[in-house]
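S.K.: Need coordinates for the following:
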Amino acid sequence: MDAERQKKIEALLAKPTLARLATASPSGQPHVVPVWFLWEEGAAWISSYQSTRKVKDLRRNPKCALIVDLPKSEGGITAVLLEGEVELLAGSRPEVHACIERLYLKYLGPKGILKKEPQEWLNSPENLLIKLTPKKVASW
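M.R.: I've put the predicted structure just below:
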């Protein structure tokens with residue numbers, strides 16, 4: 001992939017745009033949900049509660065896809081598809097908490113993250129990180 005295209009992909013992934021995460025049930029039924037994500041260090045980081053269907057699906061089958069797209073063309077790249085396997089990172093480790101906090105800041109801003117509900121999410125023992133390291137990246 002050329003440097004200019006990579007730069008455009010990185011710019012799209014930096015926007016506070018909803019992504020859609022696709023997982024599969026044990027029977028192979030697709031499950032697609034909107035998610036917030038953070039793109040850092042060549043991986044997409046997603047915060048979720050351990051009891052959600054997406055996390056249950058990923059525990060059984062770590063393969064998934066994440067699509068990030070813009071509702072209308074702003075010129076250049078309008079969609080990025082990431083496919084790969086995930087790692088689930090739970091626990092109260094400082095680096096997990098810090099990553100979730102950066103993710104929430106991306107979408108809520110410095111004032112929004114201080115509100116009661118985001119603080120409850122951030123500090124919930126149910127919260128974990130889904131780390132998607134893509135094996136395939138497509139863009140258009």
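S.K.: What mean pLDDT does the helix or strand residue 46 falls within get?
M.R.: Under the criterion of DSSP states H and E, residue 46 resides in strand 43-49. Averaging pLDDT along strand 43-49 gives 98.
S.K.: buried ones in that strand?
M.R.: Within strand 43-49, the residues that qualify as buried are 43-48, counting by 16 or more other C-beta atoms under 10 Å. (C-beta placed from N, C-alpha, C; glycine too.)
S.K.: can you tell me which of those lies nearest to residue 137?
M.R.: residue 44 (10.4 Å; C-beta to C-beta).
S.K.: related to what we said a few turns ago, the next helix or strand after the strand holding residue 46 vs strand 43-49, what angle?
M.R.: As assigned by DSSP H and E, the chain's next helix or strand after strand 43-49 is helix 53-60. Counting by axes from the mean of the first three to the mean of the last three C-alpha atoms, to 10 degrees, helix 53-60 lies at 120 degrees to strand 43-49.
S.K.: Pull out the buried positions in helix 53-60.
M.R.: Within helix 53-60, judged by 16+ other C-beta under 10 Å, the buried ones are 54-55, 57-58.
S.K.: repeat for stretch 112-121
M.R.: Buried residues in stretch 112-121 (16+ other C-beta under 10 Å): 113, 118, 121.
S.K.: Select from these every entry located in strands.
M.R.: Within those, no residue falls in strands by DSSP state E.
S.K.: Turn those into TSV, columns for pLDDT and distance to residue 97.
M.R.: Listed next are the buried residues of stretch 112-121 as TSV, based on pLDDT from 0 to 100; distance: C-beta to C-beta, whole Å:
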residue	pLDDT	distance to residue 97
113	95	12
118	92	13
121	92	11
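S.K.: For the strand ranked longest in the chain, list the C-alpha coordinates in CSV.
M.R.: Criterion DSSP E: the longest strand present in the chain is strand 127-139. Extracted C-alpha coordinates of strand 127-139, given in CSV (Å, rounded to 0.1, in the frame of the first residue of the first chain):
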residue,chain,number,x,y,z
ASN,A,127,-15.8,-3.6,30.8
LEU,A,128,-13.0,-5.0,28.6
LEU,A,129,-11.1,-4.2,25.5
ILE,A,130,-11.4,-6.0,22.2
LYS,A,131,-8.2,-5.6,20.3
LEU,A,132,-8.5,-6.3,16.5
THR,A,133,-5.2,-6.6,14.8
PRO,A,134,-6.2,-6.7,11.1
LYS,A,135,-4.8,-9.4,8.8
LYS,A,136,-6.5,-7.7,5.9
VAL,A,137,-7.2,-4.0,5.2
ALA,A,138,-9.4,-2.9,2.3
SER,A,139,-10.4,0.7,1.5
